[in-house]
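with the sequence up front, the predicted model follows.
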Amino acid sequence: MVLWYTHPFVAPLGHLSSETGVQQGDPLGPLLFSLVLQRLISSIDADDDCIQVLFQAWYLDDEVLTGRRSAVLWALSLIEDLGPSLGTHINLAKCELFSHFGYSMFPPAVKFSHHPNLEILGALIGDYLYCSKFIAGKCADARKLLSSMVDVATVDPHVALSLLPLCGSYCRLVHLARATPSSLAGSLKLFDEEVRRCFSSCFSIDTTDTAWTQAQLSLGFGGLGLRSLSHHSCAAFIASLSTSGCSNADNVHLQQAIIQRNDQVSTSDAITAKAKALDPLGHHTTTCTHGGDVVTRHNRLRDVVANLFRQAHMGVTLEAGYVTLEASYGLTHDNSCSRPADVLVTRWEKGLPAALDITVTSPLNPAILDESCSTAGVAAVAAEYVANDPKCFELGWTCVPLAVETYGNWGVEAQETFSRLASLLAASHSVSKSKATADIYGRLNLTLTRSVARAILARGLRPK
């Protein structure tokens, strides 16, 4: 590899000089270029005279320097002096200075702007009006490409259908989405409307809102891959903050990302009706007690858990409680109607009976939404606290909460219980523990998904 960069390369079509500079398309090019720039960056950081440079960031040959005028000028002079010895030369005509004060001390070739609004490498810095106009301009530029896509469709619709999701939709402005905070996400709907208009013009289809929502899904989910820029922008902005090492993502950004991505109703909106589609994607239906879907889901999960324990040759009783003692031993109790165990395993840890208490919870609960944004499974862990502990203790049972989120993430105690159950199933049926574990989660999550889908369909808008 060293010889490649120190001697000319003789190609079949002629003499290719590759011993100087970094060539386009070279996979090692950005790395070698960054190694050279690192000396400049270290020199700026190490010098005591540059202590007033508040911030410097590089993306290959694009640099941002922030600080007092004297410090920025000093850093610029250092780059001019040290750069040529490293093989880099600064182009002052492509440099731009943003300042509220004068710029006479800087080289005349540097562009100057005193406007409070600016754009750096596609990232917007300014007031709401400026950023909204900038996004509208980007959407107008994209309209030119989408218009040409219509011309392609007249020649070959299949080619246009392939190019639209790959070149003309979400990927076209994904960088802008990563630099757009949640307060400006609504402006990106202009681009989604342009993509929808282009799709209708290309294929002479006037899509309904429901059909367009499906078209925005990926191919694996039965869509066309025309992802919505406005729906994904908040999550993209949070991801951009995270990868850049910035920790300024507050709870407002996180909640907006979750709410807008899932198209939820805001928690401040009044919920005045039941048995209605309160949100387009049906998140409310996963916790709505109207209609009995929550009870049906709970009972189906209970039956699956009971069958899994029976297959492991464990004795189980459904809906056990004080009534069980009354039937078995003739004992009476004030809480004879209470049934703290959804599934009672007669012999579990240390030979004691275990009362399995199944709970389904939603990670979109406003009380835990902040934590759910950053940590998976928080809702399931929070739901593992059960009020049946005292009752089970009185009955001499071990209370084991099996908590699961509506998206299928099980709590810690549930995972430990299923791990032990998988060992018993593996020994009973001569299979590996990994296969038994996959079978447990497969059955449970399939039952959960079907129950959630059934509840959503029961409340969804049906075509007339």
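All right, it came through fine.

and stretch 81-100, C-alpha only, in CSV?
Extracted C-alpha coordinates of stretch 81-100, given in CSV (Å, rounded to 0.1, in the frame of the first residue of the first chain):
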residue,chain,number,x,y,z
ASP,A,81,1.3,29.4,7.4
LEU,A,82,1.4,25.8,8.4
GLY,A,83,-0.9,24.3,5.7
PRO,A,84,1.5,24.5,2.7
SER,A,85,4.2,22.5,4.5
LEU,A,86,1.6,19.8,4.9
GLY,A,87,0.5,20.0,1.3
THR,A,88,-2.8,21.9,2.0
HIS,A,89,-3.6,25.3,0.6
ILE,A,90,-6.5,27.4,1.9
ASN,A,91,-8.8,29.1,-0.7
LEU,A,92,-9.8,32.4,0.9
ALA,A,93,-12.4,33.0,-1.8
LYS,A,94,-14.5,30.1,-0.5
CYS,A,95,-14.2,31.3,3.1
GLU,A,96,-17.1,33.2,4.7
LEU,A,97,-17.1,35.3,7.9
PHE,A,98,-20.2,35.9,10.0
SER,A,99,-19.9,38.8,12.5
HIS,A,100,-21.9,41.7,13.8
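
show me what it is in contact with.
For stretch 81-100, contacts defined as Cβ atoms under 8 Å, 6 or more residues apart in numbering pick out 20-21, 36-37, 39-40, 43, 61, 69, 72, 76, 79-80, 103, 106-107, 109-116, 118. In short, each C-beta sits where N, CA and C put it, glycine included.

which of these fall in strands?
Per DSSP state E, strands hold the following members of those: Lys111, Phe112, Ser113, Leu118.

and of these, the nearest to Lys144?
If you rank those by distance to Lys144 using Cβ to Cβ, Leu118 comes first, at 24.7 Å.

residues in contact with the closest residue to Ser218 other than its chain neighbours?
Using Cβ to Cβ, 6 or more residues apart in numbering and skipping the chain neighbours, the partner closest in space to Ser218 is Gly225 (5.6 Å). By Cβ under 8 Å, 6+ apart, the contact set of Gly225 is Pro165, Leu166, Ser169, Leu217, Ser218, Leu219.

7 Å instead, please
By Cβ atoms under 7 Å, 6 or more residues apart in numbering, Gly225 lies in contact with Pro165, Ser218, Leu219.

helix, strand or coil for it?
Of the three states, Gly225 takes coil under DSSP: H, G, I helix; E, B strand; the rest coil.

for it, grab phi and psi.
phi 80, psi 10 (degrees, to the nearest 10).

ok so, going back, quick check: ChimeraX command selecting the buried ones in the contacts of stretch 81-100.
Entered in ChimeraX, the line below selects the buried ones among the contacts of stretch 81-100, by 16 or more other Cβ atoms under 10 Å:
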select :37,40,72,76,79,103,106
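
now, the contacts of stretch 81-100 that are in helices?
If you go by DSSP state H, the contacts of stretch 81-100 have Val36, Leu37, Arg39, Leu40, Ser43, Arg69, Val72, Leu76, Ile79, Glu80 in helices.

how near is the second one to Leu31?
Taking Cβ to Cβ, to the nearest Å as the measure, Leu37 falls 11 Å from Leu31.

got it, and the fifth one?
Taking Cβ to Cβ as the criterion, Ser43 is separated from Leu31 by 20 Å.

let me see the contact set for Phe101.
With contacts defined as Cβ under 7 Å, 6+ apart, Phe101 is in contact with Arg69.

please identify the helix or strand for it.
Per DSSP states H and E, Phe101 falls between elements, in no helix or strand.

how confident was the prediction at it?
pLDDT recorded at Phe101 is 71.

one more: Ile44?
Per-residue confidence (pLDDT) for Ile44: 80.

ok, now His333?
As summarised for this prediction, His333 has a pLDDT of 46.

do the one 5 residues further on as well
Taken from the predicted model, the pLDDT recorded for Ser338 is 57.

swap in Ala426?
91.

and for it, the neighbour number?
For Ala426, the count of nearby residues is 18 (other Cβ atoms under 10 Å).

how about it, what does it touch?
Applying Cβ under 7 Å, 6+ apart, the residues near Ala426 are Ser432, Lys433, Ala436.

hmm, try it at 8 Å
Ala426 neighbours (Cβ under 8 Å, 6+ apart): Ser432, Lys433, Lys435, Ala436.

can I get the residues you listed in TSV including secondary structure and distance to Leu425?
Formatted as TSV, the contacts of Ala426 follow (DSSP: H, G, I helix; E, B strand; the rest coil; distance: Cβ to Cβ, whole Å):
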residue	secondary structure	distance to Leu425
Ser432	coil	10
Lys433	helix	8
Lys435	helix	9
Ala436	helix	4
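
for Ile205, state which of those residues is nearest.
Lys435 (45.7 Å).

can you tell me the closest non-neighbouring residue to that closest one?
For Lys435, the spatially nearest residue (Cβ to Cβ, 6+ apart) is Ala426, at 7.4 Å.

tell me which residues in the host helix or strand of the one you found are buried?
Following DSSP H and E, one finds Ala426 within helix 412-429. By neighbour count on 16+ other Cβ under 10 Å, the buried set for helix 412-429 is Glu413, Ala414, Thr417, Phe418, Leu421, Ala422, Leu424, Leu425, Ala426.

residue ranges with poor pLDDT in the protein?
Within the chain, the stretches with pLDDT under 70 are 1-26, 47-52, 102-103, 115, 242-283, 320-340, 370-378, 380-393, 459-464.

extract the CA atoms of stretch 27-38 and return them as PDB.
The C-alpha coordinates for stretch 27-38 follow below in PDB (Å, rounded to 0.1, in the frame of the first residue of the first chain):
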ATOM      1  CA  PRO A  27     -11.400   4.400   0.000                       C
ATOM      2  CA  LEU A  28      -8.300   5.500   1.900                       C
ATOM      3  CA  GLY A  29      -8.500   9.100   0.700                       C
ATOM      4  CA  PRO A  30     -10.500  10.600   3.500                       C
ATOM      5  CA  LEU A  31      -8.400   8.800   6.100                       C
ATOM      6  CA  LEU A  32      -5.100  10.100   4.700                       C
ATOM      7  CA  PHE A  33      -6.600  13.600   4.300                       C
ATOM      8  CA  SER A  34      -7.800  13.500   7.900                       C
ATOM      9  CA  LEU A  35      -4.300  12.500   9.100                       C
ATOM     10  CA  VAL A  36      -2.800  15.600   7.600                       C
ATOM     11  CA  LEU A  37      -5.600  17.900   8.900                       C
ATOM     12  CA  GLN A  38      -5.100  16.500  12.400                       C
END
